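The amino acid sequence is not available; the structure is as follows:
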């Protein structure tokens with residue numbers, strides 16, 4: 001059988017995961033990235049047990065866990081420092097089969113790219129979809145400044161403003177502004193220890209999480225008009241918004257370099273696409289289901305996408321049926337998480353004092369009922385199992401439906 005060619009447009013987390021998984025199943029893969037290098041934004045990513053199990057399938061789970069910080073006990077606080085809710089890492093690990101771990105995005109991208117042979121990832125290669133192809137018929141066509149590529153499969157992994165998605169579904173309205181803007185920064189750890197926390201105020205939140213290398217990943221969000229920018233710099237904007245919040249928030253802001261503070265409006269695909277595929281072309285990650293970061297599942301779902309796609313697009317199988325199965329599995333799951341993330345974003349966006357007081361009281365009351373009640377938010381998300389399960393540390397493949405070894 002002739003070797004099948006897959007072209008991945010975009011080298012983010014979802015695109016690289018799909019490339020590695022497809023390569024391992026026998027596809028000849030090329031990744032086309034418009035940027036000059038694989039330099040992801042300077043931010044962390046929380047990997048829940050669901051995405052770690054997906055990474056186990058391609059043999060990367062143990063490696064990432066070794067490089068990551070395992071999240072300890074922490075919780076939710078008010079800007080004044082009062083604890084609203086406590087998290088229990090042991091209870092979460094028991095419920096979902098593993099811990100939440102935190103790693104720098106650059107580390108994850110580097111380790112995924114290292115699983116691909118030299119020459120697979122091509123930078124400075126802006127690509128556009130010319131023809132989506134026809135499953136069982138003509139091949140798909142992707143155009144670059146250096147010429148056209150024909151492919152048996154094209155993966156659109158080109159992010160929230162995906163050009164591949166627009167070509168597939170030109171009538172879809174695309175992403176909409178969620179109403180919140182986010183900031184992210186990685187800084188040296190403050191002088192004294194602290195518990196991981198997410199702090200909610202009126203129409204704003206701040207999160208502080210440790211990385212394994214001793215640095216701190218911090219993120220913030222606030223209700224703002226779309227397209228806004230600080231009159232001076234974004235570090236000064238963080239000081240204005242969060243400088244009076246509890247320790248260690250002021251110290252973290254003080255440690256940030258102004259040019260290292262990232263600011264992005266949060267857009268999401270709140271209206272579902274008709275399908276995640278058309279012809280020989282398929283969408284993964286933010287191109288398919290961009291979501292607010294309030295559940296921390298955007299990158300996790302992109303990783304799941306890559307693994308499920310490779311499972312259904314195995315060489316020798318019916319590609320059309322495989323892509324249909326991928327869409328049938330991934331679209332309802334990811335859109336459910338998009339909607340749940342949007343609901344939490346709306347809770348965070350409350351600004352009136354009475355509404356914030358009610359929200360905080362409810363959070364505190366739920367926390368007192370025990371960790372299991374709080375963790376139910378992630379039932380059906382963090383306990384996901386990949387269709388093909390290869391577990392860490394040399395364990396054998398586990399047939400579908402059998403108990404996990406982790």
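Perfect, I can see it now. These figures come from a predicted structure and were not determined experimentally. Numbering: from 1, shown residues only.

in this structure, which residue is closest to the centre?
Note on the chain: the residue nearest the mean C-alpha position is residue 299, at 1.3 Å, using Cα atoms, centre = their mean.

Report the buried residues of stretch 127-137.
Of all the residues in stretch 127-137, those buried under the rule 16 or more other Cβ atoms under 10 Å are 127, 128, 129, 131, 132, 133, 135. Quick note: C-beta positions are derived from backbone N, CA and C, even for glycine.

Give the helix, strand or coil label for the residue nearest to the last one when sequence neighbours are not counted.
This points to residue 135. Leaving aside its chain neighbours, residue 135 sits nearest to residue 320 (3.2 Å; criterion: Cβ to Cβ, 6 or more residues apart in numbering). Following DSSP: H, G, I helix; E, B strand; the rest coil, the label given to residue 320 is helix.

Find the residue closest to residue 60 in space, skipping its chain neighbours.
residue 111 (6.2 Å).

name the helices or strands packed onto the helix or strand hosting the one you found?
In the assignment (DSSP states H and E), residue 111 maps to helix 105-114. Counting contacts by 3 or more Cβ pairs under 8 Å, 6 or more residues apart in numbering; DSSP states H and E, helix 105-114 packs against helix 13-25, strand 44-47, helix 61-67.

how about those in TSV, adding mean pLDDT and mean neighbour count?
Shown next, in TSV, are the helices and strands packed on helix 105-114 (pLDDT from 0 to 100; neighbours: other Cβ atoms under 10 Å):
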stretch	mean pLDDT	mean neighbour count
helix 13-25	97	26
strand 44-47	95	24
helix 61-67	96	17
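
looking at the ones you listed, which is closest to residue 221?
Closest approach to residue 221 among the helices and strands packed on helix 105-114 is made by strand 44-47 (14.8 Å; Cβ to Cβ).

Can you tell me the strand partners of that closest one and which way each runs?
Its sheet considered, strand 44-47 pairs with strand 101-104 (antiparallel) by DSSP bridges.

Give me the residues contacting the partner strand.
Applying Cβ atoms under 8 Å, 6 or more residues apart in numbering, the external contacts of strand 101-104 come out as 42-47, 52, 64-65, 67-71, 186, 209-213, 215, 217.

now swap in stretch 233-242 and tell me
Outside stretch 233-242, the residues that touch it by Cβ under 8 Å, 6+ apart are 79, 183, 185, 204, 206, 220, 222, 230, 249-250, 253, 256-259, 261-263.

Apply 6 Å and report the result again.
For stretch 233-242, the external contacting residues (Cβ atoms under 6 Å, 6 or more residues apart in numbering) are 206, 222, 230, 249, 253, 256, 258, 261, 263.

Just the buried positions in that stretch, please.
Quick answer for stretch 233-242 (16+ other Cβ under 10 Å): 234, 235, 237, 238, 239, 241, 242.

Kindly report the same for stretch 302-321.
Using 16+ other Cβ under 10 Å as the test for burial, stretch 302-321 gives 302-314, 319.

In JSON lines, list those residues along with distance to residue 22, pLDDT and secondary structure.
Shown next, in JSON lines, are the buried residues of stretch 302-321 (distance: Cβ to Cβ, whole Å; pLDDT from 0 to 100; DSSP: H, G, I helix; E, B strand; the rest coil):
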{"residue": "302", "distance to residue 22": "15", "pLDDT": "98", "secondary structure": "helix"}
{"residue": "303", "distance to residue 22": "14", "pLDDT": "98", "secondary structure": "helix"}
{"residue": "304", "distance to residue 22": "15", "pLDDT": "98", "secondary structure": "helix"}
{"residue": "305", "distance to residue 22": "12", "pLDDT": "98", "secondary structure": "helix"}
{"residue": "306", "distance to residue 22": "8", "pLDDT": "98", "secondary structure": "helix"}
{"residue": "307", "distance to residue 22": "10", "pLDDT": "98", "secondary structure": "helix"}
{"residue": "308", "distance to residue 22": "12", "pLDDT": "98", "secondary structure": "helix"}
{"residue": "309", "distance to residue 22": "7", "pLDDT": "98", "secondary structure": "helix"}
{"residue": "310", "distance to residue 22": "5", "pLDDT": "97", "secondary structure": "helix"}
{"residue": "311", "distance to residue 22": "10", "pLDDT": "96", "secondary structure": "helix"}
{"residue": "312", "distance to residue 22": "11", "pLDDT": "96", "secondary structure": "helix"}
{"residue": "313", "distance to residue 22": "7", "pLDDT": "96", "secondary structure": "coil"}
{"residue": "314", "distance to residue 22": "9", "pLDDT": "93", "secondary structure": "coil"}
{"residue": "319", "distance to residue 22": "12", "pLDDT": "96", "secondary structure": "helix"}
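
which residue packs closest to residue 324, ignoring adjacent ones?
In space, residue 324 is closest to residue 277, 7.3 Å off (Cβ to Cβ, 6+ apart).
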